[in-house]
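K.L.:
I'll drop the sequence and a predicted model, then ask my questions.
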Amino acid sequence: MSLASKIQASATGGWLARADRVAEAIAADAARHDADDSFVAEAFARLKADGFFKALVPVEFGGGGADVAEICQVIRRLGAACGSTALAFAMHSHLVAVAAWRWRHQNAPTEGLLKRVAAEDLVLISSGGSDWLPSGGVAVKVEGGFKITARKPFSSGCPAGDLLSTSAVWDDPEGGPTVLHFAVPLKAQGVEVLDTWRTLGMRGTGSHDIVLTEVFVADAAVSGRRPQGLWHPLFHIIGMIAFPIIYSAYVGVAEGARAKALTVARRKADDGSLATLVGAMENAFATAELALDGMIQVATSGTPGPETTSRVMIGRTLVGKAAIKTVERAMEVAGGAAFYRELGLERAFRDVQGARFHPLQEQPQLRYTGRVALGWDIDG
């Protein structure tokens, strides 16, 4: 075994044990953050202390060498204790995972970013869900680069963030509307975080709006360019890798709700219907687990492309619906106790609703999958 392999084996052997320790420590704070709309700062500090923010960085660059499947399991563990921590951490993790995949499989120039994440313990913030294929904001060409003006909602984890990975649209005189991809330090001139995150659930994620006002981005800092609104190979990589990571948070929320419901149910007398209610909850949870396992399998061994994206997005819909159904069934199993905040099922019910809103939402997913199955143009 090479030295790198030994280092990786040593590091990855403890990820789940570390996650269990973090989950135990943060569980008591989850209700407080939910109640006062505050960011899960203590949880992020614990994750950073245990090396989780650089876990997916290859060992060659000073990272933990964890793989996507391991981090999905970590996020599930965190999600059972605090959905907000799991989801905000997932948003950082998928950016690192995509950068690592592109370095390994495409020889892409992401080495610098990965080394910085490891050396500086950076927290990366994504605006991808709110931008998706169309992107948002305006890029104006100036000498040496661009001036960016935009507003980026759903920027999860931004109270603790270092770099915003985002995009904006440049009206290229030759190529037409072109989406530019780049990273901006959150402390850069013209960057402002607005305290906007007042939501139904996932209240501790700190997913505030970030406003960019004429922020300068050098030509050399533009990491990618693509036609606006069209599928691009980069998005097939993102689709393949990011969504198993993100949806692990929702399976974790469902898993935590299931455990609470079973604890309540085991104290109840058999009324003739309890076992059937529990069985319905188990079916829903098994569906979520199986669909997530399929997504993870694709993420770890698939080849990016329209068919792979379709497969993952089918999983995204199935996982989301099954996670929501699991929590609904858990509330039925627990009965009236579920209506009290103290039990935590009420919070899980609100948190898991976030599974509805990430791209591709169900109707666009059905249309995309149908076009792939028919052999039609996915940009049609």
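P.N.:
Structure's in. What do you need? Numbers count the residues shown, from 1 in each chain.

K.L.:
Now do stretch 272-280: distance to the chain's middle.
P.N.:
Taking Cα atoms, centre = their mean, to the nearest Å, the mean C-alpha location of stretch 272-280 is offset from the chain mean by 33 Å.

K.L.:
May I see the buried residues of that stretch?
P.N.:
274, 277-278, 280 (16 or more other Cβ atoms under 10 Å). Glycine gets a C-beta too; all of them are placed from N, C-alpha and C.

K.L.:
Need the CA coordinates for stretch 362-370. CSV is fine.
P.N.:
Extracted in CSV, the C-alpha atoms of stretch 362-370 (Å, rounded to 0.1, in the frame of the first residue of the first chain):
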residue,chain,number,x,y,z
GLU,A,362,-40.7,17.2,-10.3
GLN,A,363,-42.4,18.6,-13.4
PRO,A,364,-39.2,19.8,-15.1
GLN,A,365,-37.6,16.4,-14.2
LEU,A,366,-40.5,14.5,-15.7
ARG,A,367,-40.2,16.5,-18.9
TYR,A,368,-36.4,16.1,-19.1
THR,A,369,-36.6,12.4,-18.4
GLY,A,370,-39.3,11.9,-21.0
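
K.L.:
can you pull the contacts of residue 72?
P.N.:
244-245, 248, 292, 296 (Cβ atoms under 8 Å, 6 or more residues apart in numbering).

K.L.:
rerun at 7 Å
P.N.:
Going by Cβ atoms under 7 Å, 6 or more residues apart in numbering, residue 72 touches 244-245, 248, 296.

K.L.:
Just put those residues in a markdown table and tack on secondary structure.
P.N.:
As requested, the contacts of residue 72 are exported to a markdown table (DSSP: H, G, I helix; E, B strand; the rest coil):
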| residue | secondary structure |
| --- | --- |
| 244 | helix |
| 245 | helix |
| 248 | helix |
| 296 | helix |
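
K.L.:
and those, which are buried?
P.N.:
Using 16+ other Cβ under 10 Å as the burial test, those include 244-245, 248, 296 as buried.

K.L.:
Show me which pair in these is furthest apart.
P.N.:
With Cβ to Cβ as the measure, no two of these lie farther apart than 245 and 296, at 8.9 Å.

K.L.:
where does the closest residue to residue 132 other than its chain neighbours land in three-state SS?
P.N.:
Taking Cβ to Cβ, 6 or more residues apart in numbering, and ignoring the residues beside it in sequence, residue 132 has residue 359 as its nearest neighbour in space, at 4.9 Å. Judged by three-state DSSP, the three-state class of residue 359 is coil.

K.L.:
residues in contact with stretch 202-211?
P.N.:
With contact meaning Cβ under 7 Å, 6+ apart, stretch 202-211 is reached by 33-34, 37-40, 82-85, 87-88, 151-159, 164, 191-197, 351, 354.

K.L.:
Now which of the residues you listed would you call buried?
P.N.:
Counted by 16+ other Cβ under 10 Å, the contacts of stretch 202-211 give 33-34, 38-40, 82-85, 87-88, 151-159, 164, 191, 193, 197, 351, 354 as buried.

K.L.:
Out of the residues you listed, list just those in strands.
P.N.:
Among the buried ones among the contacts of stretch 202-211, the ones falling in strands (DSSP state E) are 151-152, 164, 191, 193.

K.L.:
Out of the residues you listed, flag the one nearest to residue 103.
P.N.:
Distance to residue 103, by Cβ to Cβ, is smallest for residue 164 among those, at 20.7 Å.

K.L.:
Double-check the closest one against residue 123; I have them as touching.
P.N.:
No: using Cβ atoms under 7 Å as the test, residue 164 is too far from residue 123 to be in contact (10.4 Å).

K.L.:
Break down the protein into its strands, ranges please.
P.N.:
124-126, 138-142, 145-152, 163-172, 176-185, 191-194, 209-218, 222-227.

K.L.:
Among the ones you listed, which comes closest to residue 314?
P.N.:
Closest to residue 314 of those, according to Cβ to Cβ: strand 124-126, at 22.5 Å.

K.L.:
neighbouring strands for that closest one, and are they parallel or not?
P.N.:
According to DSSP bridges, strand 124-126 forms sheet pairs with strand 163-172 (parallel).

K.L.:
residues in contact with the strand it pairs with?
P.N.:
95, 122, 124-127, 131, 135, 137-139, 141, 146, 148, 150, 152, 155, 177-186, 210, 228.

K.L.:
okay, that strand in CSV with CA atoms only?
P.N.:
The C-alpha trace of strand 163-172 is given here as CSV (Å, rounded to 0.1, in the frame of the first residue of the first chain):
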residue,chain,number,x,y,z
LEU,A,163,-15.7,31.9,-1.3
LEU,A,164,-19.0,32.2,-3.3
SER,A,165,-19.1,29.9,-6.3
THR,A,166,-21.5,31.6,-8.7
SER,A,167,-22.2,32.9,-12.2
ALA,A,168,-23.6,35.9,-14.1
VAL,A,169,-24.7,36.6,-17.7
TRP,A,170,-22.5,38.5,-20.1
ASP,A,171,-24.1,39.7,-23.4
ASP,A,172,-21.2,38.6,-25.6
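
K.L.:
Can you check what angle separates it from strand 145-152?
P.N.:
Strand 163-172 runs at 110 degrees relative to strand 145-152, counting by axes from the mean of the first three to the mean of the last three Cα atoms, to 10 degrees.

K.L.:
From the chain's centroid, how far away is strand 163-172?
P.N.:
20 Å.

K.L.:
quick one: residue 168 from residue 340, how far?
P.N.:
Counting by Cβ to Cβ, to the nearest Å, the gap from residue 168 to residue 340 is 46 Å.

K.L.:
neighbour count winner among these two?
P.N.:
residue 168 (27 against 11; other Cβ atoms under 10 Å).

K.L.:
how much space between the more buried one and residue 182?
P.N.:
Residue 168 is 8 Å from residue 182, where distance means Cβ to Cβ.
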